[in-house]
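Student: Here you go, sequence then predicted model.
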Amino acid sequence: MAPRRVRALVDLLATKEMVVVCGSGGTGKTTVAAALGAAAAERLGGRVLVLTVDPARRLATALGLGDVGNTPTRVPDSALAADCRGELWVAMLDTKAGWDDLIRRHAPDPSLRDRVLSNPLYANITGRFVNSHDYIAMEQLHDLHASGGFDLLVIDTPPSRNALDLLDAPGRMREFFGSRLLQWLTVPGRSRLLSVASKPFYKLADRVLGSRFLEDIAEFFVLFQAMEAGFVARATAVERLLTDDRTTFLVVSTLEAGPVREAQFLVDELRRRHMPLGAVVLNRTLPASVRQPAVAKAASAMGAITSDSASLGRVSSAAGKPVDAVARVLQGVAEHHREIAVVAAREAERRAALDALVPTTVAVPTMPTDVHDLDVLRELGSYLLGPTA
Amino acid sequence: MNPLLDRRLLFVTGKGGTGKTTAAAALADLAVRAGKRVLVVEMDAKGAIAAAFEVPSLGFEPTEASPGLWLMAMNTEDSLREYLRVVARVPLVGRIGPLARTFDFVADAAPGVKEILAIGKVCWEVRERHYDLVIVDAEASGHIVAQIDAPRAIRELVQVGPVREQTDWMLRILDDPASTGVVVVTTPEEMPVTESVELVQQVRTRTKVDVAAVLVNRLLSPWFDGTDRSVFDALSSDRARAALADAVGGKAGSKVTDVLGAASLAQHRADVAAEHVARLHDGLPDGMPVLFTPELFTKASGRRVVTLMADHLAAHHAAELHEGLR
């Protein structure tokens, strides 16, 4: 919350075109992405798009939106600050629709396009293929960036088993098209059976999967391979965009043990991949005052009032409540304060570890309510980017 | 209802950050206390199960962490190797490395193949009865349906062949509520509750696997109820705060507002949590067991947290867990 740090995030956003918000699940990634997008539109102006995965419905409603789909939807001005300088747009990632768009774009002719779209394996791959949404997220990001329609893109990354799946998705897609397996699978059936080089693999695959299944897969990939050039070029471009200095990564974490461990891991991996880390956003932190010795002392002194009948009487009459009830509540406050202080101490230790690891950390305090109304979203934005001018 | 620990196979899932691994470990701990032989399988190999039980990193070969408790980390290449050796009897054990890597591409591209290697191993352990109970620290909520649905997906795709035959017995185990159940772990917060309600619906519509229970973890209890609530509010008034500051005195006296502020923050969070619990109840099918474990205000992590969670479950939810649990 130090002013220098808040400033740093504004400066960062002013010079970037894409912000990839990542981090462990349950840390408030979607909310941070939405608040960041709104705050950027209000303070920096321009057209800002938040591409989200699965916004809490109340958040969408708060933004004045009903169903948000694959296509960017503009957030009504009434939902933003009166002096908002820019526009806020929201789009939601839809894996199935994303794949369909992709096939339509890369298919060399309509008949091949229709054969792919109606292939049962295709439906399964788009619906069930565990990592396919990672690739689609990166694809859509590239597309929206290339469209030039937006000054700033904020992407809330899909819940990944592992955030690295997302970063590796374009490379894996390219690798897949270049793999021996695909080449082998797409050789016409007869010569595949005769090919000596592929024999051990064929035996193995046949034993495990059955040759009929392999034929089905092969047929699908023959269709798919016709789109290879388009896919490979695109995957390379997406990968380049991720390491470009117009892009920045924000890692969102709470100060709980699990998310912090994941954030540290993510920071290391981003560095290793030369992907530009912008800042770590620490969400839902406790107020620093909780840890102050004077505050802890005040809390236990409030509990001790209960054994001083004169003081207790004065406090009770000031509160206008019965003495025994006031004593009970004061004791409760003193006991519970120790619990929060333990949590705050744990948070401080982890924050110090993160501060040592990354150049910029921005802390957002825990909000008294869930963030599903505009006022709280705006308050969150002011912690991220500082107050509006 | 079938008590959780009387089943043979439990998948513990939930949104990341809800305490899914601790919950899986606590259930395993309780089953061991009830005298069962338990295998815990970590699906995503992040080392969380090893950290929860404070043991060195795990491999595919189960290790006995304490009497009756075995732990293993899933690895699809090892699973494929075991499948080939035991079921398909392919004598390629030494040379499978590069082939398995190529195989990875099929597994990545063909739906369900990787998943079935993992789920197949889990079901196999259940079928062979090496353990009384297998607990899977499963994929996060986004992936669990694809995981438990893999045998059916494969069945639909593969017309003939050895894999299809394998799916029959897997489905018999998975679809039987007396033997298999899914436990969805959540926290009383906006997104985790929304996702859990959706997940329960998805598991029930897309698969035949029984959702055995929802576990609400890190529940914050309200500090004050009823009249004490209004007493707390009255103590936050300007007059009462001045009297409190006076009674406390000195530098600490000036910090009374900070103490009350922190208390009020905690109180608000507990209220919000209660709203989300109500929303969860509304969104779940009637009769679905919902278990609660509290936020632990302790500095401990690892084994101690597992024990505390298990103790709480044993004290408050014995009936849902196991007939004979004390």
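Tutor: The structure has been received and is ready for your questions.

Student: For residue A:305, report the pLDDT, please.
Tutor: Looking at residue A:305, its pLDDT reads 92.

Student: Could you tell me how many residues sit around it?
Tutor: 23 (other Cβ atoms under 10 Å in any protein chain shown). All C-beta atoms are positioned from the backbone trio N, CA, C, and that covers glycine.

Student: where does it fall, phi/psi-wise?
Tutor: The phi/psi pair for residue A:305 (degrees, to the nearest 10) reads phi -50, psi -30.

Student: now swap in residue A:109 and tell me
Tutor: When read as degrees, to the nearest 10, the backbone of residue A:109 gives phi -150, psi 160.

Student: Burial check on it, number of neighbours?
Tutor: By other Cβ under 10 Å, 9 other residues sit near residue A:109.

Student: Which residues lie in contact with residue B:211 in this structure?
Tutor: Residue B:211 makes contacts with B:181-182, B:184, B:200, B:203-204, B:288, as judged by Cβ atoms under 8 Å, 6 or more residues apart in numbering or on different chains.

Student: distance of it from chain A?
Tutor: 20 Å (Cβ to the nearest Cβ, to the nearest Å).

Student: where along the stretch 151-300 of chain A do the strands fall?
Tutor: Using DSSP state E, counting those that start in this stretch, the strands found in the stretch 151-300 of chain A span residues A:152-156, A:247-253, A:277-285.

Student: neighbouring contacts of the second one?
Tutor: Right, the one you point to is strand A:247-253. With Cβ under 8 Å, 6+ apart, strand A:247-253 has contacts from A:12-13, A:16-24, A:27-29, A:32, A:36, A:241, A:259-260, A:262-263, A:266-267, A:270, A:275-283, A:354, A:358.

Student: filter the residues you listed down to the ones close to chain B.
Tutor: Within the set of these, contact with chain B (Cβ under 8 Å from any Cβ of the partner chain) is found for A:24, A:27, A:259.

Student: okay, those residues in TSV with pLDDT next?
Tutor: Below are these laid out as TSV (pLDDT from 0 to 100):
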residue	pLDDT
A:24	77
A:27	82
A:259	79
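
Student: would TSV of these with neighbour count and distance to residue A:168 be doable?
Tutor: Below are those laid out as TSV (neighbours: other Cβ atoms under 10 Å in any protein chain shown; distance: Cβ to Cβ, whole Å):
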residue	neighbour count	distance to residue A:168
A:24	25	17
A:27	28	21
A:259	25	21
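
Student: got a markdown table for those, with distance to residue A:88 too?
Tutor: Shown next, in a markdown table, are these (distance: Cβ to Cβ, whole Å):
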| residue | distance to residue A:88 |
| --- | --- |
| A:24 | 26 |
| A:27 | 22 |
| A:259 | 27 |
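
Student: Between the contacts of residue B:211, which sits nearest residue A:174?
Tutor: Distance to residue A:174, by Cβ to Cβ, is smallest for residue B:203 among the contacts of residue B:211, at 34.4 Å.

Student: Which of the three states applies to that closest one?
Tutor: Following DSSP: H, G, I helix; E, B strand; the rest coil, the label given to residue B:203 is helix.

Student: Pretty sure it sits against residue B:145.
Tutor: Yes - contact criterion Cβ atoms under 8 Å: residue B:203 and residue B:145 qualify, at 6.2 Å.

Student: Touching stretch A:102-115 from outside, list them.
Tutor: Taking Cβ under 8 Å, 6+ apart as the rule, stretch A:102-115 contacts A:116-117, A:122, A:136, A:139, A:223, A:226-227, A:230-231, A:234.

Student: Show the buried residues in those residues.
Tutor: Those of the contacts of stretch A:102-115 that meet the buried threshold are A:116-117, A:122, A:136, A:139, A:223, A:226-227, A:231, A:234, by 16 or more other Cβ atoms under 10 Å in any protein chain shown.

Student: how near is residue A:81 to residue A:37?
Tutor: Per Cβ to Cβ, to the nearest Å, residue A:81 is found 13 Å from residue A:37.

Student: what about these two, which has more around it?
Tutor: Shown here are residue A:81 and residue A:37; by other Cβ under 10 Å, residue A:37 has more neighbours (31 against 16).

Student: how far away is the more buried one from chain B?
Tutor: Counting by Cβ to the nearest Cβ, the gap from residue A:37 to chain B is 18 Å.

Student: secondary structure class for the closest residue to that residue other than its chain neighbours?
Tutor: Distances taken as Cβ to Cβ, 6 or more residues apart in numbering or on different chains place residue A:50 nearest to residue A:37, at 3.7 Å, with adjacent residues excluded. With three-state DSSP as the basis, the three-state label of residue A:50 is strand.

Student: show me the residues around residue A:50 that make contact.
Tutor: Residues in contact with residue A:50 (Cβ under 8 Å, 6+ apart) are A:33-34, A:36-37, A:88-91, A:154-156.

Student: Looking at those residues, which two lie furthest apart in space?
Tutor: Among the contacts of residue A:50, the pair separated by the greatest distance (Cβ to Cβ) is A:36 and A:91, at 15.3 Å.

Student: More neighbours: the two, which one.
Tutor: Shown here are residue A:36 and residue A:91; by other Cβ under 10 Å, residue A:36 has more neighbours (26 against 20).

Student: Would you mind writing the CA trace of the helix or strand containing that one as CSV?
Tutor: Assigned by DSSP states H and E, residue A:36 falls within helix A:29-44. Output in CSV follows, covering the C-alpha atoms of helix A:29-44 (Å, rounded to 0.1, in the frame of the first residue of the first chain):
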residue,chain,number,x,y,z
LYS,A,29,-8.3,-13.5,-9.6
THR,A,30,-11.5,-12.8,-11.4
THR,A,31,-12.4,-10.0,-9.0
VAL,A,32,-8.9,-8.4,-9.2
ALA,A,33,-9.0,-8.6,-13.0
ALA,A,34,-12.4,-6.9,-13.1
ALA,A,35,-11.4,-4.2,-10.6
LEU,A,36,-8.1,-3.6,-12.5
GLY,A,37,-9.9,-3.3,-15.8
ALA,A,38,-12.5,-0.8,-14.4
ALA,A,39,-9.8,1.2,-12.6
ALA,A,40,-7.6,1.3,-15.7
ALA,A,41,-10.5,2.6,-17.9
GLU,A,42,-11.3,5.2,-15.3
ARG,A,43,-7.8,6.5,-14.7
LEU,A,44,-5.9,5.8,-17.9
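
Student: Now do that helix, average pLDDT.
Tutor: Across helix A:29-44, the average pLDDT comes to 90.

Student: Go ahead and list the helix or strand containing residue A:108.
Tutor: Assigned by DSSP H and E, residue A:108 belongs to no helix or strand.

Student: which strand of chain B spans the most residues?
Tutor: strand B:211-219 (DSSP state E).

Student: Nearest spatial neighbour of residue B:273, chain-adjacent residues omitted?
Tutor: Here the residue nearest residue B:273, using Cβ to Cβ, 6+ apart, is residue B:188, at 3.7 Å.

Student: what's near enough to touch that neighbour?
Tutor: Residue B:188 touches B:216, B:218-220, B:272-274, B:276-277, B:280, counting by Cβ under 8 Å, 6+ apart.

Student: Would stretch A:63-77 count as contacting chain B?
Tutor: No - for a cut-off given as Cβ under 8 Å from any Cβ, stretch A:63-77 has no contacts with chain B; the smallest distance is 14.8 Å.

Student: buried residues in that stretch?
Tutor: For stretch A:63-77, burial by neighbour count (16+ other Cβ under 10 Å) applies to A:63-65, A:68, A:70, A:72-73, A:75.

Student: least confident pick among the residues you listed?
Tutor: Lowest-confidence member of the buried residues of stretch A:63-77: residue A:64, scoring 70 (pLDDT).
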